[in-house]
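**Student:** got a predicted structure here, sequence first:
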Amino acid sequence: MIRKLLIANRGEIAVRIIRACREMGIETVAVYSEADRDSLHAHLADEAICIGPGPSAKSYLNMESIMSATLVSGADAIHPGFGFLSENARFAAFCEQCGVTFVGPGSQVIQNLGNKQIARNTMAAAGVPVIPGTDHPVMDAETGEREAARIGYPVIIKAALGGGGKGMRTAYQPEEFALAFQTAQKEAENAFGDGTMYIEHYVENPRHIEFQILADAEGNVIHLGERDCSIQRNHQKMIEEAPSAAVSPALREKMGCAAVKAAKAAHYVNAGTIEFLLENDEKFYFMEMNTRIQVEHPVTEWVTGMDLVKEQIRIASGLPLSVKQEDVHIQGHAIECRINAENPRKNFRPSPGTITELHLPGGQGIRVDTDIYAGYTIPPYYDSMVAKLIVHGETREEAIAKMQSALGEVIIQGIDTNVDYQYGILNDPDYQSGKFNIEFLNTHVI
Ligand code: MV4
């Protein structure tokens, strides 16, 4: 069993994990940077250890510092949250070597799924639909251009070690290919130290639908339905919801089955997410698998009634899943808006600073996951997300109304936020009718 757990993260997700541990009777150790001395997570944990200066590279990404804090505090497990070291196979391996439980899948699984070409081949071999594309690494533009001609234009060139949009370029015709390839490859070499590329047919105007799965060490795998994450800007999700307005019960059954198959093919253990592109109501394709708890996990929690962080900790302790597939029922509709310290009228420029006045909404069906408080100073070093506003209603219409009411109540003074922008999205007729795809924010003026 896990007796004491170190949270290798900050912000609202660190607070979220501390709360789950407290309810489970697990002692908590927070780590914090010099810029995070006054942060909520450092105050809420049973113990807090400073691990270095503000910049992430010297603190939340510093594996040696974090492992030292773990060993000194006597923690027997590390929860990595999301971002930072959460999908770093070397860090998971380091935990394994030190005899510390990593709350997540094994390092080899993280590594295999982190290589998107290997992940693609694994899924294709298991019969999970993948987008027509290459099954071998592509290292040069000439080979790539031949493959692109075979696959059919438009194509997308992706970095094998990429994900989330870096090292990615599209080409609509052969004349564009060489430059797109070289640009993507250079970006990949700079970002990941590896220029291995793969190519897929480019699916235009799809929805981003992801399935939450849970897998225990005994080989049980279940899915908890989908989240629609199509409302995004430059690969930063803004609004997520569960279930998707575009997924019928029959399609949920088919995609859920594919998601479970994908997790089994990867020998997956713990909570994971299978990302699909949904082209229309019968065509969906595996895109990648995320091996972390995700920012948007609360919408799944609300429609299933499950606590995903507790499930993660139970699984990492070697316990079996607490529910069977037939006991999972999707109830009502949940929406999450990410509240960021940024100015949408100034190209979404980050807006760190001191919160002088704060009122957060509440009431039935409203959840706020945040680490901010009145008087708190948001440091400039980290992601601009400062809160997640999550609502649950019986229907999608009720959830939208509740979210608009909740957004209208928010008062955050002293910094700029995207609260009004989020309200604007929820007011859009195409958003309200559920007719949108990943291009929504590129094609609508909010
Ligand atoms: C694609 C695609 C269309 N066709 N692959 C974006 C990030 C990375 N996870 C893969 N991405 C995409 N891959 C094929 N074959 C479109 C995207 C994409 C995207 C996907 C989900 C959500 C938002 C997106 C925004 C731009 C491009």
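**Tutor:** Arrived safely, thanks for sending.
**Student:** contacts and neighbour counts: CA atoms only from here.
**Tutor:** Will do.
**Student:** would you mind naming what in this structure lies close to the ligand?
**Tutor:** 131, 156, 163-165, 200-203, 208, 230, 235, 438 (Cα under 6 Å from any ligand atom).
**Student:** can I get those residues in a markdown table including pLDDT, distance to residue 328 and neighbour count?
**Tutor:** Shown next, in a markdown table, are those (pLDDT from 0 to 100; distance: Cα to Cα, whole Å; neighbours: other Cα atoms under 10 Å):
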| residue | pLDDT | distance to residue 328 | neighbour count |
| --- | --- | --- | --- |
| 131 | 98 | 29 | 19 |
| 156 | 98 | 36 | 22 |
| 163 | 80 | 30 | 18 |
| 164 | 76 | 29 | 10 |
| 165 | 81 | 32 | 12 |
| 200 | 98 | 34 | 22 |
| 201 | 98 | 35 | 21 |
| 202 | 98 | 34 | 21 |
| 203 | 98 | 31 | 17 |
| 208 | 98 | 22 | 23 |
| 230 | 98 | 24 | 26 |
| 235 | 95 | 30 | 13 |
| 438 | 98 | 28 | 21 |
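**Student:** quick one: these as CSV, columns for secondary structure too.
**Tutor:** Shown next, in CSV, are these (DSSP: H, G, I helix; E, B strand; the rest coil):
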residue, secondary structure
131, coil
156, strand
163, strand
164, coil
165, coil
200, strand
201, strand
202, coil
203, coil
208, strand
230, strand
235, coil
438, coil
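**Student:** could those residues be laid out in JSON lines, adding distance to residue 316?
**Tutor:** Shown next, in JSON lines, are the residues of the chain next to the ligand (distance: Cα to Cα, whole Å):
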{"residue": "131", "distance to residue 316": "33"}
{"residue": "156", "distance to residue 316": "37"}
{"residue": "163", "distance to residue 316": "25"}
{"residue": "164", "distance to residue 316": "26"}
{"residue": "165", "distance to residue 316": "30"}
{"residue": "200", "distance to residue 316": "35"}
{"residue": "201", "distance to residue 316": "38"}
{"residue": "202", "distance to residue 316": "37"}
{"residue": "203", "distance to residue 316": "37"}
{"residue": "208", "distance to residue 316": "29"}
{"residue": "230", "distance to residue 316": "31"}
{"residue": "235", "distance to residue 316": "30"}
{"residue": "438", "distance to residue 316": "34"}
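**Student:** for the residue positioned nearest the centre of the chain, give its distance to residue 244.
**Tutor:** Nearest to the geometric centre of the chain sits residue 294, at 3.5 Å (Cα atoms, centre = their mean). Distance, residue 294 to residue 244, by Cα to Cα, to the nearest Å: 17 Å.
**Student:** do the same with residue 402
**Tutor:** For residue 402 relative to residue 244 (Cα to Cα), the value is 17 Å.
**Student:** same check on residue 12?
**Tutor:** On the measure of Cα to Cα, residue 12 and residue 244 end up 25 Å apart.
**Student:** find the closest residue to the ligand in the stretch 1-150 of the chain.
**Tutor:** Minimum separation of the stretch 1-150 of the chain from the ligand (Cα to the nearest ligand atom) falls at residue 131, amounting to 5.9 Å.
**Student:** contact partners for that residue?
**Tutor:** 200, 201, 285, 286, 287 (Cα atoms under 8 Å, 6 or more residues apart in numbering).
**Student:** dig out what residue 29 forms beta bridges with.
**Tutor:** residue 6, residue 47 (DSSP bridges).
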